[in-house]
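**Q** Only the shape, not the letters, is given here:
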């Protein structure tokens with residue numbers, strides 16, 4: 001299926017209706033829905049709650065950044081296929097056309113008994129239902145020698161924006177014949193194909209500007225998403241440039257020194273000209289602050305995306321432990337629509353339909369050479385469960401790969417419109 005804005009916006013969660021839930025009373029007037037996080041999950045949830053409730057629900061979105069840069073498609077900026085402004089979005093339409101109260105501040109705490117969200121700037125925001133889509137943070141000490149204070153020398157670029165621009169600038173400034181090192185993350189993490197698409201984009205740039213440069217991946221995982229497709233592409237386009245060291249050869253025993261730009265891989269020290277450290281990940285810190293995590297992630301009920309620890313809170317996207325769905329922008333957007341429908345049902349008594357989900361992850365390997373993986377999902381009492389799936393084949397012809405890439409461009413236009421209006 002070719003995705004464009006019309007077909008993407010036309011997809012909906014639909015099936016026979018469930019019984020309408022009990023309406024949650026709001027003695028203060030209109031019921032209040034508060035959304036933390038303005039990314040693929042949060043922005044979508046805020047828009048759909050506001051749009052589909054026809055003004056019956058007061059919607060507040062709490063997001064510190066005035067400009068949001070999508071992590072998805074940020075690799076294409078690194079590769080020179082897009083400019084930074086093309087992945088930048090704002091919240092003006094959510095406020096002006098949908099009546100969302102956009103608060104640019106950090107949510108630093110949740111009082112679950114009082115049903116309030118504390119803001120870094122002081123004060124708090126009350127809610128009847130809370131939606132949390134805070135994305136990821138990094139596990140402390142995951143890569144010895146690295147913490148967020150080292151992210152200028154060794155950027156992660158796994159939260160898009162200034163980090164992405166920094167990494168791109170470092171790659172472009174590499175000396176002739178220099179070495180780019182990526183420390184890849186362990187599972188689970190945001191966008192499973194993301195590190196390997198990034199390798200492809202870095203190789204694309206270096207092949208054109210610095211063809212004697214080398215790329216080294218230290219990877220703690222035995223295998224990775226779309227591995228056969230990426231390795232086929234690397235051999236075809238970038239032969240001899242990319243080396244991956246998996247756990248059998250020490251890829252799971254890595255430390256770094258940001259002051260000397262050295263990477264120790266199982267006792268062998270490599271001098272890096274650019275070092276992209278993508279650490280192990282966890283739910284955005286507000287989830288732990290609100291006591292909504294078990295381990296590193298927030299458990300949720302897939303039928304409604306409600307927290308398993310607080311029925312008045314819905315949690316979306318990368319922060320969740322929900323089952324089989326990958327952590328991706330498409331997943332977060334899909335989950336947001338289910339949560340928005342559940343919030344409207346709880347606060348206004350509107351009809352609630354059975355939850356259905358979908359996801360596709362596209363990756364670009366070289367000019368017009370796009371590949372994809374995806375699936376559909378349904379909610380069970382235990383988890384969000386995969387129903388069926390698909391993946392590009394190795395050896396596909398150039399015309400099909402170009403069509404796949406063009407599909408991804410249409411999807412990007414569709415999902416960002418779906419998020420921000």
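**A** Great, that's in hand. Since the model is a prediction, treat every value here as computed from it, not as a measurement.

**Q** measure stretch 315-329 end to end?
**A** With CA to CA, to the nearest Å applied, stretch 315-329 spans 14 Å between its terminal residues.

**Q** so how far is it from its chain's centroid?
**A** 9 Å (CA atoms, centre = their mean, to the nearest Å).

**Q** What of stretch 211-223?
**A** 22 Å.

**Q** neighbouring contacts of that stretch?
**A** With contacts defined as CB atoms under 8 Å, 6 or more residues apart in numbering, stretch 211-223 is touched by 174, 176-187, 195, 199, 202-203, 206, 238, 241-247, 250-252, 254, 263, 265, 270, 272. To be clear about C-beta, it is placed using only N, CA and C from the backbone, and glycine gets the same treatment.

**Q** So for that stretch, first residue to last residue, what's the gap.
**A** 27 Å.

**Q** Can you list the buried residues in that stretch?
**A** Across stretch 211-223, burial judged by 16 or more other CB atoms under 10 Å covers 213-221.

**Q** What of stretch 232-252?
**A** Buried, per 16+ other CB under 10 Å, within stretch 232-252: 232-234, 237-238, 241-242, 244-246, 250-252.

**Q** Please list all residues in contact with residue 232.
**A** Applying CB under 8 Å, 6+ apart, the residues near residue 232 are 394-395.

**Q** three-state assignment of it?
**A** Under DSSP: H, G, I helix; E, B strand; the rest coil, residue 232 falls in the helix class.

**Q** again, but for residue 110
**A** strand.

**Q** same deal with residue 236?
**A** Three-state assignment for residue 236 (three-state DSSP): helix.

**Q** Tell me how far it lies from residue 115.
**A** Using CB to CB, to the nearest Å, we find residue 236 at a distance of 55 Å from residue 115.

**Q** Give me the average confidence score over the longest helix along the chain.
**A** If you go by DSSP state H, the chain has its longest helix at helix 398-420. The pLDDT scores in helix 398-420 average 98.

**Q** And for stretch 254-268?
**A** Rounded mean pLDDT across stretch 254-268 is 98.

**Q** contacts for that stretch?
**A** So stretch 254-268 is contacted by 143-146, 150, 153-154, 181, 183, 218, 220, 245, 249-251, 253, 269-273, 275, 277 (CB under 8 Å, 6+ apart).

**Q** Relative to residue 404, how far out is residue 391?
**A** 11 Å.

**Q** Need the overlap of contacts for those two.
**A** Residues touching both residue 391 and residue 404 (CB under 8 Å, 6+ apart) are 371-372.

**Q** Buried residues of stretch 195-209, list them for me.
**A** By 16+ other CB under 10 Å, the buried positions in stretch 195-209 come out as 195-206.

**Q** Need the buried ones from the contacts of stretch 254-268 selected in PyMOL.
**A** Of the contacts of stretch 254-268, the buried ones go into a single PyMOL selection, burial set by 16+ other CB under 10 Å:
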select buried, resi 143+145+146+150+153+154+181+183+218+220+245+250+251+270+272+273+275+277
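
**Q** Please tell me how far residue 74 sits from residue 98.
**A** Residue 74 is 26 Å from residue 98, by CB to CB.

**Q** Between the two, tell me which one has more neighbours.
**A** Applying other CB atoms under 10 Å to residue 74 and residue 98 shows that residue 74 carries more neighbours, namely 28 against 19.

**Q** What degree of burial does the closest residue in space to residue 380 that isn't next to it in sequence show, as a neighbour count?
**A** Distances taken as CB to CB, 6 or more residues apart in numbering put residue 302 closest to residue 380, at 6.8 Å, once the chain neighbours are dropped. The local packing of residue 302 (other CB under 10 Å) involves 24 other residues.

**Q** buried stuff in the helix or strand encompassing residue 95?
**A** Element membership for residue 95, per DSSP states H and E: helix 92-98. Within helix 92-98, the residues that count as buried by 16+ other CB under 10 Å are 94-95, 98.

**Q** Show me what that helix is packed up against.
**A** Helix 92-98 sits against helix 42-53, strand 101-103, with contacts defined as 3 or more CB pairs under 8 Å, 6 or more residues apart in numbering; DSSP states H and E.

**Q** Among those, single out whichever gets nearest to residue 333.
**A** Ranking those by proximity to residue 333 (CB to CB) places helix 42-53 first, at 4.9 Å.

**Q** Name the residues that touch the closest one?
**A** Here helix 42-53 has contacts from 33, 35-36, 38, 57, 59, 61, 63, 68, 91, 94, 98-100, 131-134, 314, 316-317, 332-333, 336-337, 339-341, 343-344, 347-348, 350, 418-421, using CB under 8 Å, 6+ apart.

**Q** Just give the number of residues close to the spatially closest residue to residue 126 that is not a sequence neighbour.
**A** If the residues on either side of it in the chain are set aside, residue 126 comes closest to residue 116, at 5.1 Å by CB to CB, 6+ apart. Residue 116 is flanked by 17 other residues according to other CB under 10 Å.

**Q** what's near enough to touch residue 116?
**A** 110, 124-127.

**Q** partner residues bridging it?
**A** residue 111, residue 126 (DSSP bridges).

**Q** pLDDT score for it?
**A** So, for residue 116, pLDDT stands at 98.

**Q** For it, give its distance to residue 299.
**A** With CB to CB as the criterion, residue 116 and residue 299 are 23 Å apart.

**Q** wait, is residue 228 part of a helix?
**A** Yes. Checked against three-state DSSP, residue 228 lies within a helix.

**Q** what about it, how many neighbours?
**A** Burial of residue 228 is recorded as 13 neighbouring residues (other CB under 10 Å).

**Q** which residues touch it?
**A** Contact analysis of residue 228 by CB under 8 Å, 6+ apart lists residue 394.

**Q** The chain: helices as residue ranges?
**A** Secondary structure of the chain (DSSP H): helices at 5-10, 42-53, 74-78, 92-98, 162-172, 194-209, 227-238, 285-289, 329-348, 398-420.

**Q** Return the set of buried residues in stretch 167-175.
**A** Using 16+ other CB under 10 Å as the test for burial, stretch 167-175 gives 167-168, 170-171, 174.

**Q** likewise stretch 347-359?
**A** Neighbour-count burial for stretch 347-359, counted by 16+ other CB under 10 Å, picks out 347-348, 350, 352-353, 355-359.
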